[in-house]
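Student: no FASTA, just this:
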């Protein structure tokens, strides 16, 4: 009993230093349980949850995998506060991967959690599963990222580097930095087929100019009526073109 | 003096029935003043605003166009509340356009304000300026839409219809409904070059099945690991492909 109380006490509203993070909602929680079973601490349910086919599916996989299921309205309220949430997955934050893939999406200093989650989901949609993040950057385990990813985060290999220099010294892949000053226009050339990094800068500042000399810089052509396309849209268009055959 | 007080009183936090709406921040306010001068009521500034080149540019165009500029921290706080905002443009909501263009983006029941604004900005980026919205839908003049559009809304012709039937009975353009059951795969065919409507459904439910029989239905191919791409990403990819070359 005492142990139980102690565990409960540890769970508080998420911050970057938390040992645990949370999935809010049925769909991302299902993805968590299916893809990262070993890190799941427990599933919290609200007494207001209505049993639907999706809920049944979630409860079944939890039972099969011996994951604790608990009704606890107060804890849900504490963790999710304003959000109208009936299911929470509690998981231990795991060590990120530490190796580059053959085809990486590289985000340098992404600063918006919703954007990062949307990009994760889009990557999965185009079958690109290796994500590299160059810090400073938002916290990949923040529940807002997880929610925006709709659980796609649990299917990706994510590697973080402390600086652009560190990333550049580790990757021998052919590099395509996407920049407003990019020299090649997307759609007018063919990407190298293996060992490729598609690199995107921060939402506001883009990539630093020195990246113009790294690999083949790419421009997604757009009208002069806007400064730039937004980051998830640019990434979506690039992945669409890259994976097209 | 009395008139002045009465005008102030009318301005309250935005809702759908408000006569006025607001731009928050320098950039969308500049777009408002430049593109929709005749509807601008006044510009509100915070005493905390630091004068930068962008602010100067905004103040100059306001002076040129005889638009009232007023410092009013209390009113800004009331209108923008939680947002950290130093510039607000106040404008009278104008009548939307009532004619289809040659190349329309048609959104059926968009439900997310951030998505709608992002789509507006992306349209402008690809030079597509005619937006058709089929209701029920979010309010195009909500400040959240305007902010996400970064002011692109003021450069678009927007037409609203009360139902899908009403839209279909008005448009004689070649129609491309984007659907998960779409028959043609984006990128494998050429769009008709004139008088084209690209049609997208609601974020959660997509387009109704009967749209499969309207024009040429299109699928953006993605992996089965996700249910669907998100709406602004799908629109971005479609506009990229449509306006290519």
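Tutor: Sure, I can see it. Here the structure is a predicted model, which means the values were calculated and not measured.

Student: who's in contact with residue A:26?
Tutor: Contacts for residue A:26 were tallied using Cβ atoms under 8 Å, 6 or more residues apart in numbering or on different chains; they are A:54-55, A:58, A:86-87. For glycine as for every other residue, the C-beta is placed from the backbone atoms N, C-alpha and C.

Student: That one and chain B, how far apart?
Tutor: According to Cβ to the nearest Cβ, to the nearest Å, residue A:26 and chain B sit 13 Å apart.

Student: and if you look at residue A:194?
Tutor: From residue A:194 to chain B the distance is 19 Å (Cβ to the nearest Cβ).

Student: Tell me how many other residues surround that residue.
Tutor: 9 (other Cβ atoms under 10 Å in any protein chain shown).

Student: Ok, residue A:66 next?
Tutor: As a burial measure, residue A:66 scores 8 neighbours (other Cβ under 10 Å).

Student: Which strand or helix spans it?
Tutor: Here residue A:66, judged by DSSP states H and E, is contained in no helix and no strand.

Student: so is residue A:23 in a helix, a strand, or just coil?
Tutor: Of the three states, residue A:23 takes strand under DSSP: H, G, I helix; E, B strand; the rest coil.

Student: Wait, it touches residue A:29, no?
Tutor: Yes. Assessed by Cβ atoms under 8 Å, residue A:23 is found in contact with residue A:29 at 4.5 Å.

Student: Show me whatever sits in contact with both of those two.
Tutor: Jointly contacting residue A:23 and residue A:29 under the rule Cβ under 8 Å, 6+ apart are A:88-89, A:151.

Student: Going by distance to residue A:101, which of these wins?
Tutor: residue A:151 (19.9 Å; Cβ to Cβ).

Student: Near that closest one, how many other residues are there?
Tutor: 27.

Student: check contacts around it.
Tutor: A:23, A:27-32, A:35.

Student: Quick check: the two most widely separated of these?
Tutor: Farthest-apart pair in those is A:27 and A:35; separation 12.4 Å (Cβ to Cβ).

Student: From the shared contacts of residue A:23 and residue A:29, pick the one nearest chain B.
Tutor: Nearest to chain B among those, counting by Cβ to the nearest Cβ, is residue A:151 at 9.5 Å.

Student: Mind pulling up the pLDDT for that closest one?
Tutor: Note for residue A:151: predicted pLDDT of 97.

Student: where's the residue nearest to residue A:72 when sequence neighbours are not counted relative to residue A:177, distance?
Tutor: Among residues not flanking residue A:72 along the chain, residue A:44 sits closest, at 5.2 Å (Cβ to Cβ, 6 or more residues apart in numbering or on different chains). Using Cβ to Cβ, to the nearest Å, one gets 43 Å for the distance from residue A:44 to residue A:177.

Student: still on that earlier bit, quick one: the contacts of residue A:151 as JSON lines, columns for secondary structure, pLDDT and neighbour count too.
Tutor: Listed next are the contacts of residue A:151 as JSON lines, based on DSSP: H, G, I helix; E, B strand; the rest coil; pLDDT from 0 to 100; neighbours: other Cβ atoms under 10 Å in any protein chain shown:
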{"residue": "A:23", "secondary structure": "strand", "pLDDT": "97", "neighbour count": "29"}
{"residue": "A:27", "secondary structure": "helix", "pLDDT": "95", "neighbour count": "16"}
{"residue": "A:28", "secondary structure": "helix", "pLDDT": "96", "neighbour count": "25"}
{"residue": "A:29", "secondary structure": "helix", "pLDDT": "98", "neighbour count": "26"}
{"residue": "A:30", "secondary structure": "helix", "pLDDT": "98", "neighbour count": "22"}
{"residue": "A:31", "secondary structure": "helix", "pLDDT": "98", "neighbour count": "22"}
{"residue": "A:32", "secondary structure": "helix", "pLDDT": "98", "neighbour count": "25"}
{"residue": "A:35", "secondary structure": "helix", "pLDDT": "97", "neighbour count": "14"}
